[in-house]
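Peer 1: this is the structure alone, sequence omitted:
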C-alpha cells in the first residue's frame, strides 16, 4: 500500500492485475453458529454472557470471522491457514479473475454503487465534471457503436502519425516526430517515461523527471528468463500478431516484424534495472540540465522532445531535469542508434496500439483476454462491461466520480474517528521510538519530529464537494457520449496539458494520487503525507459498530503501515519536510541496516510454488507491515487502558487481544492462480498475502504471548526480526 507517484490502480477487463482492492461480502442473517471450543494451542476462556457483545453488529461480524477460520488448524503452526482456511474454502476464484481477496470484494461493492449512481434515471447534477463522468461512462457502455467503428479509429490515428510498416505504408516519418506524437500527445511510454513531480531534494518545487520504461510485459524477468516464461512469450507474440492483423497487416510479414519488436523489447529488458536494485533513492537521483541530458543520451533531441511534451511552456537547455537511471538512458541511446529505423518505428507505433486497443471492439478484447489467460491464469468469462467501464471512468474522471461516491456513501463522522485513530497510532509509534536501544538521541529526536510532521488526508480531498473547483479540475477535457475512443484520446491530450501546467507551480500538498473510492492507502515521501481514501474506511478494515480490537487490527494496522513507510529503507532517506537528504547519524544507520538485513533474509526464505520471495524487493513493505502491526497493537493497548476492556464477540472463544491479530490476518485472505502468484513475486513490492500475515506475526512478541505459541513452533521460531 504505497505510492511513489504510480499509485496501485484498480483493474478493468479481466481484473488480471494483482493491485486491486476489499470486503467481507454480504453478511448472512441466519445460521449463526453455536459456541465452539478454542482452537488447539489456545487457552480455554470463560465466556459469561455479561462480558459478551450480543448486538446485531457483533453477532454478524462474529459469524463472518468464524466462517473464515479453519479451527482444525493450530494457530501456532500456520496462522494464515487458521485465520483464512474457511474463507479460502468458501471463495473459489470467480470467473475471469486471477486473484480474489477481501480487497477485490470491497472494490466490487464500490463499483456497484457507482454503477447505480451513473445509471440512475434521475441523474441531474449541477456539476459539469459530474455530467462529463456520466457521458464518459455511457460512451464506454455503447458497445454497438464501438463495434460499428471497429478498428477504424486507431487505423486513422496511425495514418495521421505517419503510418505503420505492419499495416500498410510507413512514410518514413522522422523518428523524433513519431516519438513526440506517441509519447507526448498520447502519453505512451516507449524507451522512457517523463513526468512532472516534486523534486525529491527540493520538495517545494516541481521538476521534470525521466525514468526507465518501455516494456509491455509486467517485468524484465518475463523477457530474460525465457525458459520459465516460454508460454507467456509465445502468447505475447501471438497477441502482437493478432492486433497487427486486426489493424490491416498480413499474417506472415506481421509475425516477422512483431518478432523484431519483441527482440527489441528483450534488448530493452536487458538494460532495464531490476526494481530490487532501485530502492536507494539517494543513489538513483541525478539532477542535470537538458544540455547535460543531451550529452548523456544523444539519440533523443531532448529540448525538442520536452518542449513538445510540455507545450506551451518555454524551455531552454539550462532547464533542470531529474534522471532516475542515468546508465539506462545512456544505454537506450546507444540501442536506438544501433537499431534499424523501421524496427524503431514499429516499436513506437506498437506502444500506441497496445495503449489504445482496449477502447476498440470485441475482437481486440478477446485477443487481450487470451494473453491475460496465459499471463495471469484468468479463466472463462470476463468482467461484465459495466465493471470495465466503471474502472475506465475511475482512471479518467476519478475525482468527479469520487464526488458522486462520497456524497452517496461516506459517513462524515468517519473522518474525525479516523483522525483520532491516526493520532493514537502516531503516539504509540513515538513511544516505541523512545524504547529503541539501537538509535542515538540526535537521530531519535529527528525521527520524532518527522513522525509529528506527517500530514494525513482522510476520505477525500475537499475540492470534490465544491462544484466550481471540481469543474475547474476537468476544464478543457472534452467528453462526448458518442465516441469512447475519442474520449480516451482527448484524455491523454488533456492529461499532458495538466502535467505541463504543474511545472511552474509549487506541488499542491492537498493533491491526491488516489481517487476517494479506491480501496487502498499510501505514503508519499516528498510530502511526508499519508492518505486513506473513503474506499478503505469500511469493513473489514473499519466499522463504527465493530469492536475496537477489529478496527485497530484492520484500519489501525493500515494506518501504522503507512506511517512506518516514512521510516522504511526508502522513506527514511527523506526528512520531515519531504526532502531527500542524509539526516541519520552513522551509528544508527548501520544498526538500521543490520536490522533490515534480518528482514530481507527472513522473507527471502519464503516460497510460493517453489519460487522464492524477493526479500530485497519487498523490504519496504515488510518493514511497514511489521512496524504498522506493532504501532496499532500498542495503540489498542493504550485505548484499553483509558477505556477499559471491551465485551467479547460471541462464539469465537477469542480474547479481544487475540481478536486483534485474527482481524489483521483476515484482511489478507486471498486466492490466486499460480500464474498470478508468479507475476506477484516478480513485480509486487509487497510479499504474498500469506507471508504478510506469517512473517509479521512470527516477529511479534505480543502475538506469541497471546496465542501461547511454544518456542520453536512455526509461528514462534525464536528469532524475531524487528526494525521499529
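Peer 2: Structure's in. What do you need? Computed from a predicted structure; not experimentally measured.
Peer 1: quick check: buried residues in the helix or strand encompassing residue 331?
Peer 2: Taking DSSP states H and E as the definition, residue 331 sits inside helix 326-337. For helix 326-337, the neighbour count (16 or more other CB atoms under 10 Å) marks 326, 328, 329, 330, 331, 332, 333, 335, 336 as buried. Using the backbone N, CA and C atoms, a C-beta is placed for each residue, glycine as well.
Peer 1: got it, and stretch 583-603?
Peer 2: Buried residues in stretch 583-603, counted by 16+ other CB under 10 Å: 583-585, 588-589, 591-592, 595-596, 598-600, 602-603.
Peer 1: now those as a markdown table including secondary structure, distance to residue 373 and pLDDT?
Peer 2: What follows is the buried residues of stretch 583-603, written out as a markdown table (DSSP: H, G, I helix; E, B strand; the rest coil; distance: CB to CB, whole Å; pLDDT from 0 to 100):
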| residue | secondary structure | distance to residue 373 | pLDDT |
| --- | --- | --- | --- |
| 583 | coil | 49 | 95 |
| 584 | coil | 48 | 96 |
| 585 | coil | 53 | 95 |
| 588 | helix | 50 | 96 |
| 589 | helix | 47 | 96 |
| 591 | helix | 48 | 96 |
| 592 | helix | 44 | 96 |
| 595 | helix | 42 | 96 |
| 596 | helix | 38 | 97 |
| 598 | helix | 40 | 96 |
| 599 | helix | 35 | 96 |
| 600 | helix | 34 | 97 |
| 602 | helix | 34 | 97 |
| 603 | helix | 30 | 97 |
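Peer 1: and the longest strand along the chain, what does it pack onto?
Peer 2: As assigned by DSSP state E, the longest strand anywhere in the chain is strand 202-212. Packing contacts for strand 202-212, counted by 3 or more CB pairs under 8 Å, 6 or more residues apart in numbering; DSSP states H and E, involve strand 192-199, strand 320-324, helix 326-337.
Peer 1: how about 6 Å then?
Peer 2: Packed against strand 202-212 by the contact rule (3 or more CB pairs under 6 Å, 6 or more residues apart in numbering; DSSP states H and E) you find strand 192-199, strand 320-324.
Peer 1: just to revisit the earlier point, list the contacts of the helix or strand just after the helix holding residue 331.
Peer 2: As assigned by DSSP H and E, the chain's next helix or strand after helix 326-337 is helix 341-356. With contact meaning CB atoms under 6 Å, 6 or more residues apart in numbering, helix 341-356 is reached by 154, 164-165, 170, 175, 178, 182, 186, 188, 190, 216, 243, 257, 260-261, 264.
Peer 1: helix 341-356 to helix 326-337, inter-axis angle?
Peer 2: Counting by axes from the mean of the first three to the mean of the last three CA atoms, to 10 degrees, helix 341-356 lies at 120 degrees to helix 326-337.
Peer 1: start the count at 59 instead of 1 going forward.
Peer 2: Got it, the first residue is 59 from now on, which makes the last one we talked about helix 399-414.
Peer 1: now do helix 399-414: distance to the chain's middle.
Peer 2: 27 Å (CA atoms, centre = their mean, to the nearest Å).
Peer 1: how about the following helix or strand past it: buried residues?
Peer 2: Later in the chain than helix 399-414, the nearest helix or strand by DSSP H and E is helix 420-434. For helix 420-434, burial by neighbour count (16+ other CB under 10 Å) applies to 422, 423, 425, 426, 427, 429, 430, 431, 432, 433, 434.
Peer 1: model confidence for the fourth one, exactly?
Peer 2: You'll see residue 426 listed with a pLDDT of 92.
Peer 1: ditto for the last one
Peer 2: In the prediction, the pLDDT value recorded for residue 434 is 94.
Peer 1: about what we covered before: next one: the helix holding residue 389 to chain centre, how far?
Peer 2: On the basis of CA atoms, centre = their mean, helix 384-395 is displaced by 29 Å from the centre of the chain it belongs to.
Peer 1: hey, where'd the strands end up in this structure?
Peer 2: Along the chain, counting by DSSP E, strands occupy 157-159, 250-257, 260-270, 343-347, 378-382, 513-517, 580-582, 587-591, 665-666, 669-670, 728-730.
Peer 1: could you dump the ones you listed to JSON lines with distance to residue 746?
Peer 2: Shown next, in JSON lines, are the strands of the chain (distance: least, CB to CB, whole Å):
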{"stretch": "strand 157-159", "distance to residue 746": "10"}
{"stretch": "strand 250-257", "distance to residue 746": "27"}
{"stretch": "strand 260-270", "distance to residue 746": "26"}
{"stretch": "strand 343-347", "distance to residue 746": "30"}
{"stretch": "strand 378-382", "distance to residue 746": "27"}
{"stretch": "strand 513-517", "distance to residue 746": "29"}
{"stretch": "strand 580-582", "distance to residue 746": "20"}
{"stretch": "strand 587-591", "distance to residue 746": "24"}
{"stretch": "strand 665-666", "distance to residue 746": "5"}
{"stretch": "strand 669-670", "distance to residue 746": "10"}
{"stretch": "strand 728-730", "distance to residue 746": "9"}
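Peer 1: so what's residue 248 up against?
Peer 2: Contact partners of residue 248, counting by CB under 6 Å, 6+ apart, are 272, 406, 409.
Peer 1: most neighbours among these, which one?
Peer 2: residue 406 (25 neighbours; other CB atoms under 10 Å).
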